[in-house]
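> here is a sequence with its predicted model. Questions after.
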Amino acid sequence: MTDLSRLSSSVLSGDVNTVRQLTSQALSDGIAASDVLALGLIAAMDVLGRRFGDGEVFLPDMLVAARAMHAGLDMLKPILAGAGVAPVGRVVLGTVRGDVHDLGKNLVGMMLEGAGFAVRDLGVDVSPQAFVEHVRQDGAEIVAMSALLTTTMPEMKTVIDALCEGGVRETVKVLVGGSPVTETFARDIGADGFAPDAYGAVAVARLFVAAT
Amino acid sequence: MTGPGMFRHLAFESADDLVFGRCPRPLRCGFGVELGNGSVAPEVNFTLPAMTLCEATWSQAVDHYRVMATEIVGRALFLKAPALVLEFEHLPPMTERAEWGAEITALLLEILRDAQERHGLASALRVTVVDTRLRQRPPRVRSDDVWLPLEASLRACAGAGAHILSIESEGGKEVCDAALTHGDVDGVLLALGVLAPADMDWLWTRIVGICRDSGAATMAGGDAACAFANTAMQLANQRMLPETFAAVVRAIGAVRGLAAYERGAVGPWKDCGYEGIILKAITGSPISMEGKSASCAHQSPVGNIAAAACDLWSNESVQHVRLLSGGAPAAFAETLLYDCRLMNAALSTGNERVLRDLLVESDVCLSPQAAILSPQAAFAIAGAIVAERTPYARAVAAGSKAVELLRNARDAGRLVLSAAELAWLQRIDAALCAAPSDVQELLARTQSRYGHLYDAASYGLQ
Ligand code: B12
């Protein structure tokens, strides 16, 4: 039987080749793809997340591991899709119109992907229409918006209004963040959640999908 | 004489001469402000609260600026400030609509002029436009469609009478962002040793020309490596990047700044990248720095040490919200004013080195980012930069010197580094030692990683 903890450590060390090899070995051993995902790949990202929290590793190390994880994930995807195992959730992410700050948004995207969400990153300076269109197109459960300027924060409300007008507000949870954004502001504009950092973003997103 | 490679020596005899409020090349500007001539002045920056900026709200925005500036001036007068500098940092629509930026510029000048005429307050206005050229990917930073609107805004603000013109330009950021997230030294060298200096050279030639056209009423104030060094610091603040990496990026960031001076920028350098002290060591021109009193804008591990050689002392930015003592901009103006009072008392009693050394001592052992900002460290990095001729060679030299300083500080027990930080310092060192010997080799080596992110012709590389 393939040792899934070995798969995890290959993810941790960013060893793409070994990850591919162990993933295919695990599948041919008859281990369920969902177990390979949860116990091999995502488990590794959880460990890394803890090390990261303790200041032992940094973002560049995370990216190397994430690449290895995706190498494995790409092999599992066709099987998972066939078996009807969907990603944890689908997220449409972007920095709102008029704002080009994207580091925070990118981190949120990476963490969400690391946690198994399928993330559609629309980039920066994203119009309300683009958010609405992609929610429709992807059947996303979550819209995540970032704003770093005090003068672009209100744009988040405009997006929420556009989601209402587009008739998709009821189908999505809206998550907002960025350094000037607060819990109170989020509530005032009618968002469903706020998080101060990328970890928080994952926690809230998990709550969203658990509730649906 | 200006031109690439003009700086071959440092402007100071020794690191010990690098102190706040004193420069070999002081400046006079605006309504009678002296910079670097034996005193430090506050530079107060302020911005709008959460609100939409559009045609319908524009008059409200103007009112905010009027109230903020009036309150700041009031606080300065109450505290008998000898001098005050305001920074009007545009929000994107104010650059996109040149007349908006010009309108606020004129309004702020009117308030400052009135304070001078009625109360004798010496003052100056810095106007910082937004670099709007990088919206497309890959950006074509020299193309008319992005440059002409930016130029129009620069001209409009100079035309409205801005005393000091600045920008936090971003050429090279499209590569630097990716290099930072991957902790990749080659990418940082490409961004900060090749692309950014080439863009600074191009851009500042034009900004200096605009200032010249203004009949020298407007000074070509300078830039800041905000998009590079400050971004790295923010990532380190969130423990996304090691602090050692952020420190080395800051040292390398000084190289791009030099390109602006080589094209005729005169200072005062802007605050947001914290690389100013290295540039002051080389150019002898006044600099603005920010530290503890910019905690309204973001956290930093260099709150005291950043003041060691400042000539303007800034709060970076604060939004117009009410605090118990009044508007937040006025409150932060008061903080800056008291910081300056203390530095000026030190200068007038011959104690400036004592105060400077305390500012340094209180931060220097606690963070790698602080460790490279002491006068001694900045002087050493500046020396390594001027010993080389090309921006790329200077970038490698600045980075290598920063690594050496950090390693020495750690070995001497003056800087504590975690195991993870130390491992990164070794990684950075190895990467710098293995850096390509010239730009062509660097371009070839980084092509597959970054080639798709930037347009070589826009940096004069084809
Ligand atoms: C780096 C930076 C830049 C870089 C951005 C580089 C990039 N690729 O993003 C550059 C130089 C390009 C830049 C440009 C400008 N900037 Co700027 N910038 C900053 C700075 C210093 C740090 C931002 C950052 O990257 N932080 C690091 C990241 C990792 O943190 P973060 O963004 O906060 O994200 C975390 C959380 O907020 C959260 N989060 C973020 N998004 C989301 C989304 C969701 C859904 C969730 C749940 C959580 C979440 O999780 C993230 C990770 O933990 C801030 C200071 C500050 N206080 O934020 C100013 C700041 C935001 N900028 C400011 C300004 C004024 C500007 C400019 C207008 C400057 C100018 N005149 O040119 C332009 C605007 C351009 C534009 N159209 O948007 C002001 C804003 C003032 C205001 N009125 O609001 C600030 C506050 C600085 C200041 N002057 O005081 N900037």
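Sure thing, it's come through.
> endpoints of stretch A:112-119, how far apart?
Separation of the first and last residues of stretch A:112-119 by Cα to Cα, to the nearest Å is 7 Å.
> give me phi/psi at the residue of chain B found nearest the ligand?
Residue nearest to the ligand within chain B: B:Ser317 (3.0 Å; Cβ to the nearest ligand atom). To be clear about C-beta, it is placed using only N, CA and C from the backbone, and glycine gets the same treatment. Here the main-chain torsion angles of B:Ser317 (degrees, to the nearest 10) amount to phi -180, psi 150.
> quick one: contacts for it?
By Cβ atoms under 8 Å, 6 or more residues apart in numbering or on different chains, the contact list for B:Ser317 reads B:Asn45, B:Phe46, B:Thr47, B:Glu89, B:Ala294, B:Cys296, B:Ala297.
> confirm A:Asn17 sits in a helix?
Yes - with DSSP: H, G, I helix; E, B strand; the rest coil as the criterion, A:Asn17 is located in a helix.
> tally of neighbours for the residue in chain A that chain B sits nearest to?
Taking Cβ to the nearest Cβ, chain B has its nearest neighbour within chain A at A:Pro60, 3.2 Å off. Close neighbours of A:Pro60, defined as other Cβ atoms under 10 Å in any protein chain shown, add up to 20.
> and it, what helix or strand is that in?
Applying DSSP states H and E as the criterion places A:Pro60 in helix A:59-82.
> list the buried residues of that helix.
A:59-62, A:64-66, A:68-73, A:75-77, A:80 (16 or more other Cβ atoms under 10 Å in any protein chain shown).
> who are the packing partners of that helix?
Helix A:59-82 makes packing contacts with helix A:4-12, helix A:16-28, helix A:33-35, helix A:43-53, helix A:103-114, helix B:173-181 when contacts are defined by 3 or more Cβ pairs under 8 Å, 6 or more residues apart in numbering or on different chains; DSSP states H and E.
> quick one: buried residues of the helix or strand that comes right after that helix?
Heading C-terminal from helix A:59-82, the first helix or strand you meet, by DSSP H and E, is strand A:90-95. Of the residues in strand A:90-95, those buried under the neighbour-count criterion (16+ other Cβ under 10 Å) are A:Arg90, A:Val91, A:Val92, A:Leu93, A:Gly94, A:Thr95.
> B:Leu154 against B:Thr128, yeah?
No - between B:Leu154 and B:Thr128 there is no contact, the gap being 10.5 Å when judged by Cβ atoms under 8 Å.
> pLDDT below threshold where in the chain?
Answering for chain A, as no chain was given. A:81, A:83-86 (pLDDT under 70).
> could you do chain B instead?
Along chain B, the parts satisfying pLDDT under 70 run over B:1.
> how does chain A divide into domains?
As given by automatic domain parsing, the domain ranges for chain A are A:4-82, A:90-210.
> winner for burial among those domains?
Mean neighbour count (mean count of other Cβ atoms under 10 Å in any protein chain shown) peaks for domain A:90-210 among the domains of chain A, with a mean of 20.
> and that one, how far apart are its ends?
Distance across domain A:90-210, first residue to last, is 13 Å (Cα to Cα).
> and it, how far from the chain's centre?
Between the centre of domain A:90-210 and the centre of its host chain there is 11 Å, according to Cα atoms, centre = their mean, to the nearest Å.
> ok, stretch B:28-38 next?
Using Cα atoms, centre = their mean, the distance between the centre of stretch B:28-38 and that of its chain works out at 19 Å.
> got the end-to-end distance for that stretch?
This stretch, stretch B:28-38, spans 12 Å end to end (Cα to Cα).
> could you pull out the buried residues of it?
Result for stretch B:28-38 [16+ other Cβ under 10 Å]: buried residues B:Cys29, B:Gly30, B:Phe31, B:Val33, B:Glu34, B:Leu35, B:Gly36.
> among those, which two are most distant?
Comparing all pairs in those by Cβ to Cβ, the longest separation belongs to B:Phe31 and B:Gly36, at 17.3 Å.
> quick one: contacts for B:Leu312?
Taking Cβ under 8 Å, 6+ apart as the contact definition, B:Leu312 lies against B:Leu35, B:Val40, B:Ala41, B:Pro42, B:Glu43, B:Val85, B:Pro268, B:Asp271, B:Pro286, B:Ile287, B:Ser288, B:Met289.
> next one: B:Pro92
By Cβ under 8 Å, 6+ apart, the residues touching B:Pro92 are A:Gly98, A:Leu149, A:Thr151, B:Val130, B:Thr132.
> mind doing that once more with 7 Å?
A:Gly98, B:Val130, B:Thr132 (Cβ atoms under 7 Å, 6 or more residues apart in numbering or on different chains).
> quick check: B:Gly187 touching B:Ser448?
No - no contact is recorded between B:Gly187 and B:Ser448 when judged using Cβ atoms under 7 Å, the distance being 11.6 Å.
> if we can go back for a sec, which of the helices and strands packed on helix A:59-82 sits closest to B:Leu347?
B:Leu347 lies closest to helix B:173-181 among these, at 36.9 Å (Cβ to Cβ).
> pull out the buried residues from stretch B:148-162.
In stretch B:148-162, counting by 16+ other Cβ under 10 Å, buried: B:149-162.
> list phi and psi for the closest residue to chain A within the stretch 51-200 of chain B.
Closest residue of the stretch 51-200 of chain B to chain A, Cβ to the nearest Cβ: B:Gly183 (3.2 Å). Here is the backbone geometry of B:Gly183 (degrees, to the nearest 10): phi 60, psi 40.
> right, I'll leave it there.
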